[in-house]
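Trainee: quick one, what's the 3D model for this:
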Amino acid sequence: MLTHLRDPLRALHETRRVLKAGGIVGLGEGDFGTWLWEPSSPLLKRVQEIAIKSYMQLEGSNPFLGRHCRRLLLEAGFSRAEAHGRASSDCAGTLAETRRIAAKATGILADGQFVRAAVDRGWATADELKAMAAEVRAWGERPDAFYALLNCAAVGWV
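Mentor: You can find the predicted model right below:
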């Protein structure tokens, strides 16, 4: 949730304020700087680039917030914080899983609102987005395809 807030530190300050002494808060956020889509290609890298721009510019989100959770907890006044990382639930290492990821991504690339936003902002042409969708579909059928995204977790103590 914090990744979608314009001021996550403010939310954590408020969380810290309302917790009782000895209270604990747990956070879990993805970090798109750790996005693995293998085997990669120039078009798949463009998909990642456009997805990150979309998160940042269209939604006002921070796709790299996960790596900052521990620091944010300490800045918000928590007395102690610990952080951990693990592969996200969207990790894909079987044909069924890579097909699922490919279907999800091609759905986004074909979404009319997303296409208009990407074209209007000059991120890609409609034809480039179609080519990216075709590349994603082909990737999803590869027997060696692999996808992972690190989820960063942090715990803070009052």
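Trainee: A helix includes D31, no?
Mentor: No - applying DSSP: H, G, I helix; E, B strand; the rest coil, one finds D31 to be strand, outside a helix.
Trainee: local confidence estimate at it?
Mentor: Note on D31: pLDDT of 89.
Trainee: for this protein, which spans come out with low pLDDT?
Mentor: 58, 89 (pLDDT under 70).
Trainee: how about the helices in it?
Mentor: In the chain, the helices defined using DSSP state H lie at 8-18, 42-53, 69-75, 95-110, 112-120, 126-140.
Trainee: identify the residues contacting the fifth one?
Mentor: I take that to be helix 112-120. Here helix 112-120 makes contact (Cβ atoms under 8 Å, 6 or more residues apart in numbering) with I50, S54, L58, I108, L109, A124, T125, A126, L129. C-beta here means a position set from N, CA and C on the backbone, and glycine is covered the same way.
Trainee: whichever of these end up buried, select them in ChimeraX.
Mentor: Selection of buried members from the contacts of helix 112-120 for ChimeraX, criterion 16 or more other Cβ atoms under 10 Å:
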select :50,54,108,109,124,129
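Trainee: tell me who's in contact with the nearest residue to E128 once chain neighbours are set aside.
Mentor: Spatial nearest neighbour of E128, excluding adjacent residues (Cβ to Cβ, 6 or more residues apart in numbering): R46 at 7.4 Å. Applying Cβ under 8 Å, 6+ apart, one finds that R46 lies in contact with A124, E128, M132.
Trainee: what's the local residue count around the last one?
Mentor: Translated: M132. Number of residues near M132 (other Cβ atoms under 10 Å) recorded here: 23.
Trainee: tally of neighbours for the closest residue to R86 other than its chain neighbours?
Mentor: Nearest non-adjacent residue to R86, counting by Cβ to Cβ, 6+ apart: N151, 5.6 Å away. A total of 19 residues lie near N151 under the criterion other Cβ under 10 Å.
Trainee: this completes my enquiry, with thanks.
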